[in-house]
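S.K.: Coordinates for the following, if possible.
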Amino acid sequence: MNIKKTASVFCLAISLLASLVFAGNSQSYAKPLFTTKAKFAILIDAETGSVLFAKNADKLMAPASMSKLMTIALLLKALKSGKVKLDDKFRVSVHAWRTGGGPSGTAAIFTPLGKDVLVSDLVQGIAVQSGNDASIVTAEGLAGSEDAFAALMTKEARRIGLKKSTFGNATGLPHPKQLMSARELARLSLYLIQQYPEYYHYFSQKKFKYRRYRFHNRNPLVFKYGADGLKTGATKESGYGLAVSVLKKGRRLVAVVNGFKTKRARRNGTKKLLNWGFRGFKKYDLFKPNEVVGYARVVGGSSSYVSLVGDSQSGVRALLPRFMASKKVPARIIYKGPLIAPVTIGQQIAFLEVRGKGSVINKVPLYAAEDISRAGLIWRGVDTLLFQAFGWLF
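M.R.: Numbers count the residues shown, from 1 in each chain. Predicted coordinates for the structure are as follows:
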């Protein structure tokens, strides 16, 4: 039985009233949507994964030094695996010194040519000062050359689910292969927060002393807004950008912006976006734990459909605008189907996509509410033929 799995969609609408009944899909809002002068932007709620705002979020752009998040991701991966230790040392090559150090005239921690640098200083040099020399020294220490390391960066991007990002260097200096989208930068930011909590504090470190030099964190929101990460970026090609994470009252937002014309515009524009995200949204309980949200078609099983439920502890929750004239929102169940039996209780089957007006998108995982065993051979064949002939009618 060869059945091609396709994206299956069931549309519904959810009322946010206490009765939680299905209803029409019209909606309106009492406040206008957010606008920004950034050329590229995205705002994500870390807990729910909800995209609260997006502007050109999937278009590839020059990420400048924000791409150093992938550089430091590979370094933190090596640290966590034990491949390297914080007290290990990497040598400063001519390439690292000339291309990213003092002679380059770019952001640097002024690593001395031919000397060794502690890995702990390299981590801080990248996270706090955005040192290009620190980035190249890291690349060469881990991969032997910056070109080889750039290939590893692209490979790591694919491994963690970044499908578009490509890298030509470890620094973010102008290069035709150095391309990322705002959405993938935000996903990388979330990945760093979730996968490397023991090292994440470096991104919020306000000062860093290396040799006779003192550096201050280049992220302006670390000092006056309470941000705990992540990375600034600025080149003539890209404009001014920032990947930033802020935790307030137990709620974390991650924003990526790029293409501002000045540092001041970047700072103020990012603060406005974050303020809008913190003030303008709240969580709604759409379905209780174990409450059936919908159904997914199963072929060749003891039952033709499996019930879908949300998280066993929290049910289905979505982040939506506070100021809605109507309490009805459109939603749809999305999965690759039909499912082929057997299906196991608790197995993630689908997503419930709940959309607010504009670019607000929630994608909430849905799980099988019961086991569906394989049917006998005859019924599996009949069910397959019925599905191929009549689709969702059978």
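S.K.: Would you agree residue 349 falls within a strand?
M.R.: Yes: counting by DSSP: H, G, I helix; E, B strand; the rest coil, residue 349 is found in a strand.
S.K.: measure it to residue 293 for me?
M.R.: Residue 349 is 10 Å from residue 293, where distance means CB to CB, to the nearest Å. Any C-beta I mention is one placed from the backbone N, CA and C, and that applies to glycine too.
S.K.: Next, show the common contact partners of those two.
M.R.: Counting by CB atoms under 8 Å, 6 or more residues apart in numbering, the common neighbours of residue 349 and residue 293 are 308, 366.
S.K.: In contact with residue 141, which residues?
M.R.: By CB under 8 Å, 6+ apart, the contact set of residue 141 is 84, 90-91, 119, 122.
S.K.: Just confirm it is within a strand.
M.R.: No: using three-state DSSP, the assignment for residue 141 is helix, not a strand.
S.K.: mean confidence score for stretch 111-124?
M.R.: What stretch 111-124 shows for mean pLDDT is 98.
S.K.: just to revisit the earlier point, can you pick the most crowded of the contacts of residue 141?
M.R.: Highest neighbour count within the contacts of residue 141: residue 122, with 28 neighbours (other CB atoms under 10 Å).
S.K.: right, and the secondary structure at that residue would be what?
M.R.: Quick answer, by three-state DSSP: residue 122 is helix.
S.K.: isn't it right up against residue 138?
M.R.: Yes: at 5.1 Å, residue 122 counts as touching residue 138 under the criterion of CB atoms under 8 Å.
S.K.: what do those two both touch?
M.R.: Listed contacts common to residue 122 and residue 138 are 75, 90; contacts here mean CB under 8 Å, 6+ apart.
S.K.: if we can go back for a sec, so of the contacts of residue 141, which ones are in helices?
M.R.: Secondary structure defined by DSSP state H assigns 119, 122 of those to helices.
S.K.: Identify the farthest-apart pair in the contacts of residue 141.
M.R.: Within the contacts of residue 141, two members stand farthest from each other by CB to CB: 84 and 91, at 13.5 Å.
S.K.: buried set for the helix or strand where residue 277 lies?
M.R.: Taking DSSP states H and E as the definition, one finds residue 277 inside helix 263-279. Judged by neighbour count using 16 or more other CB atoms under 10 Å, the buried positions of helix 263-279 are 265-267, 269-271, 273-274, 276-277.
S.K.: what domains does the record give for the protein?
M.R.: Domain segmentation of the chain under automatic domain parsing yields 6-30+284-393, 40-279.
S.K.: circling back: run me through the strand neighbours of the following helix or strand past the helix holding residue 277, direction for each.
M.R.: Using DSSP H and E, the helix or strand that follows helix 263-279 in sequence is strand 281-287. Under the criterion DSSP bridges, strand 281-287 sits next to strand 316-321 (antiparallel) in its sheet.
S.K.: pLDDT weak spots in the stretch 101-250 of the chain?
M.R.: By pLDDT under 70, the stretch 101-250 of the chain contains no weakly predicted segment.
S.K.: any chance you could map the helices in it?
M.R.: Taking DSSP state H, counting those that start in this stretch to define them, one finds helices in the stretch 101-250 of the chain at 119-127, 132-143, 146-159, 182-195, 221-224.
S.K.: which helices and strands sit right next to the third one?
M.R.: The elements that helix 146-159 packs onto, with contact taken as 3 or more CB pairs under 8 Å, 6 or more residues apart in numbering; DSSP states H and E, are helix 68-81, helix 132-143.
S.K.: tilt between it and helix 68-81?
M.R.: Interaxial angle, helix 146-159 versus helix 68-81 (axes from the mean of the first three to the mean of the last three CA atoms, to 10 degrees): 80 degrees.
S.K.: Mind listing what's buried along helix 146-159?
M.R.: Applying 16+ other CB under 10 Å to helix 146-159 flags 146, 149-154, 156-157 as buried.
S.K.: which residues sit in contact with the most centrally placed residue in the chain?
M.R.: Centroid-nearest residue in the chain: residue 187, 1.6 Å away (criterion: CA atoms, centre = their mean). Applying CB under 8 Å, 6+ apart to residue 187 gives the contacts 160-162.
S.K.: Now that we have these, which of them are buried?
M.R.: Among these, those scoring as buried are 160, 162 (criterion: 16+ other CB under 10 Å).
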